[in-house]
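next comes the sequence, and after it the predicted model I'd like to discuss.
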Amino acid sequence: MRKLLIVVGVLLAVHVALLFVRPSGSAQAAAGTGSDRGVNVGLVLDIGGLGDKSFNDGAYRGAVRAEKELGAHIRLIEPGEESDRESGLRLLAAQHMDLVIGVGFIFTDDVTQLAKEYPNINFAVVDYAIATDKAGNPIPPPPNVAALKFKEEEGSFLVGALAALVSRSKKVGFVGGMDVPLIQKFEAGYKAGVRSVCPNCTVISQYAGVTPIAFRNPGKGKELALSQYQQGVDVIYHASGSTGLGVFEAARQTGKYAIGVDADQYSEAPGRVLTSMVKGVDVAVFDMVKRVRDKTFSGGIYTYGLAQNGVGYVYDEHNRALIPDSVRARVEQLKGEIIAGKIPVPSTR
Amino acid sequence: MRRTVEEALLPALVALLVAAVVGDVLILSFGQSPGSVYRLLIDGTWGNAYGFGQVLYKTTTLTFTGLAVAIGLRAGLFNIGAESQLAAGGFLAGLAGLMLPMGLPALATLPIYIVAAAAGGAIVGGIPGVLKARFGAHEVITTIMLNFIVLALLNYLTAAHLKVEGTLHTAEIHAGALPRLSSMIGAFRGSAANVVLFLALITAAAVAWFLFRTRRGFELRATGLQPAAAEYGGVNVGGVWWRTMALSGALAGIGGLNYVLGYKHYYEESFASGAGFLGIAVAIVGRNNPIGVVVAAFVFATMSQGGLAVNAVVPKQIVDVLQAVVIIAVAASVPEVRRLARARSAA
């Protein structure tokens, strides 16, 4: 028994001693409460948090850039479960942030409700889901909420054109996650892009399912991709979350090409990822912080397309070798035409 | 008596201290001061009414899943399925809410909700119970597998039939919403804590009474200690198995009320994420004792909410690590403490 008490005593002593250690640089714990004029920004990520190499990381990148270039103070919260979303937003709202950003459409309800309780705080939601009333008219977000939307169809159009131009078999594929309007938008843009440069190319498009699990089913993704490659497809564009990891696996196995989505996914299968359709979540987040700083923020729907650099495709030192210069030139030309409004890009199939 | 108290409290104390020291080291490794981070953690949880309300809210769900796992372990059954039982309970209660007419008072709807949630959990928990009693299928395997099946099924039902377009949840339930604590104590404003907390405490007391004061409870514990001996003593072991699994599932299922009817007033896809599995840790740290489970649920709820509060300064994974350290330390220190305590009383 005495031994046990000694153990308890030693642990207690060590703990208390450590409590008083103050490493240099620990003062940054108080950052964001300082009296300088930088904008205080709270960022609540979706469950999954940092390291998803996609949405959450993109938002964080935008916030870090705002920290460097605009002198903003960032507070980051990574929820661990569903009820933490609202909790995180409230923690930040209670700390009188100038701007609170929810990363992901799942924050729509929470923010819409909270914005009414905190009318003096600005909110923004990436991919805010705009509800419709009974007559089918969109219901605008509350006056202090910015709904950040992306023209995924425009980015998808470009990678569609790129896929068709690179394809030798004149057959390209699409693997979607859950079969919902949001993902059908990617498909619609992609198909239009293919047709714009190659009217007689075939597009095989398939979805992994009708439930959210379709976004995290790499096994299914690989299965779909392998069957498409077997049918002669040589480039597949996926818009399917981690299901796409299976598509990359299939590309690696068969030596054919895949196109990534949301973020640069080159590293998932180096040499086999032709390009990625990137969503500029960082651009949108940075833009919001800037608007709040410049006092030009107002609620409403913000749309980020090719013109705003809100969507795009990857072309860098990694994949330059995979894309001939003539192809690159053609895609850039299309990009210019879309921005100029000469090519209408469909968002429904 | 004194020895029992020591045996119950000392492992928890040792475990928390070990976790605190490990936490110190981790916080230091991020270049922060442990003192200020722990203060931030306390401020964000017990230090203000909203934070404390969130802790109580999380305690509620964890109490139910902890009790579910604990009662199973008392009968020698390891129920890994609390996750899907919780979801199924919330789902059925949500369905019941959507079907009830608008404007019914909470007093009238609460019993219906409890029965629906318990039924949802009991069905999902009962299946592995019957499979074990009838065919000897191991409940660890069957409950894990049922997690996948049930969660996928609920996903499908919600996504394909029940959800409001553009969201992952059902329409709002208007019949007999359960009041939040903030309607009684204004300071809890905004917090999700609701009256299901009281239901959790009553349930814990009821489980304690059942386990230690009834014949069925005795049979359950006897089966857990030594099924063959219990059988010889006249206990229908198969019956105890399936009834316990169903009861365990029902307990987890009622936990679903906390989110679905106490907080959001709709069923949301994957609302239960993690709470079912954390229930295992709660049961182990609470040493399968209903009172211990409530205390352990409170500790884990504090850590979970505290993780959010310190998130701006240190990665919240620190809290995940601390939770794991507590579990390991309790698991390791229970036998050690018992040995040392016994050595003393023998001397």
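Received the coordinates, thanks. Numbers count the residues shown, from 1 in each chain, chains lettered A, B, ... in the order given.

now the residue of the stretch 101-250 of chain B at minimum distance from chain A. Its backbone dihedrals?
Here the stretch 101-250 of chain B gets closest to chain A at one residue, B:G166, 3.8 Å apart by C-beta to the nearest C-beta. No exception for glycine: its C-beta is placed from N, CA and C like everyone else's. With angles defined as degrees, to the nearest 10, B:G166 sits at phi 90, psi 0.

is it correct that it is in contact with A:Y128?
No. B:G166 lies out of contact with A:Y128 (C-beta atoms under 8 Å); the separation is 9.5 Å.

more crowded one of the two?
In terms of neighbours (other C-beta atoms under 10 Å in any protein chain shown), A:Y128 is the more surrounded of B:G166 and A:Y128; the figures are 24 against 16.

in which helix or strand does the more buried one reside?
A:Y128 belongs to no helix or strand when assigned by DSSP states H and E.

and it, how far from A:L114?
13 Å (C-beta to C-beta, to the nearest Å).

phi and psi next, for the residue lying closest to B:L162 once chain neighbours are set aside.
With C-beta to C-beta, 6 or more residues apart in numbering or on different chains as the criterion, B:L162 has its nearest non-adjacent residue at 4.5 Å, and that residue is B:T170. Phi and psi for B:T170, reported as degrees, to the nearest 10, are phi -80, psi 180.

repeat for B:G81
Main-chain torsions, B:G81, degrees, to the nearest 10: phi -100, psi 10.

stretch B:186-205: how far from the chain's middle?
Remark: stretch B:186-205 is offset 14 Å from the chain centroid, using C-alpha atoms, centre = their mean, to the nearest Å.

same question, stretch A:302-312
Counting by C-alpha atoms, centre = their mean, stretch A:302-312 is centred 13 Å from the centre of its parent chain.

likewise stretch B:285-298?
10 Å.

next one: stretch B:298-313
From the chain centre to the centre of stretch B:298-313 is a distance of 17 Å (C-alpha atoms, centre = their mean).

export only the CA atoms of it, formatted as PDB.
Taking C-alpha atoms only, stretch B:298-313 is exported to PDB below (Å, rounded to 0.1, in the frame of the first residue of the first chain):
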ATOM      1  CA  PHE B 298     -18.300  12.700 -17.100                       C
ATOM      2  CA  VAL B 299     -14.500  12.400 -17.200                       C
ATOM      3  CA  PHE B 300     -14.500  11.400 -20.900                       C
ATOM      4  CA  ALA B 301     -17.000  14.100 -21.700                       C
ATOM      5  CA  THR B 302     -14.800  16.700 -20.100                       C
ATOM      6  CA  MET B 303     -11.800  15.500 -22.100                       C
ATOM      7  CA  SER B 304     -13.800  15.500 -25.300                       C
ATOM      8  CA  GLN B 305     -15.200  19.100 -24.800                       C
ATOM      9  CA  GLY B 306     -11.800  20.200 -23.400                       C
ATOM     10  CA  GLY B 307     -10.200  19.000 -26.600                       C
ATOM     11  CA  LEU B 308     -12.200  21.600 -28.500                       C
ATOM     12  CA  ALA B 309     -11.400  24.300 -26.000                       C
ATOM     13  CA  VAL B 310      -7.600  23.900 -26.300                       C
ATOM     14  CA  ASN B 311      -7.700  23.100 -30.000                       C
ATOM     15  CA  ALA B 312      -6.500  26.600 -31.000                       C
ATOM     16  CA  VAL B 313      -3.300  26.100 -29.100                       C
END
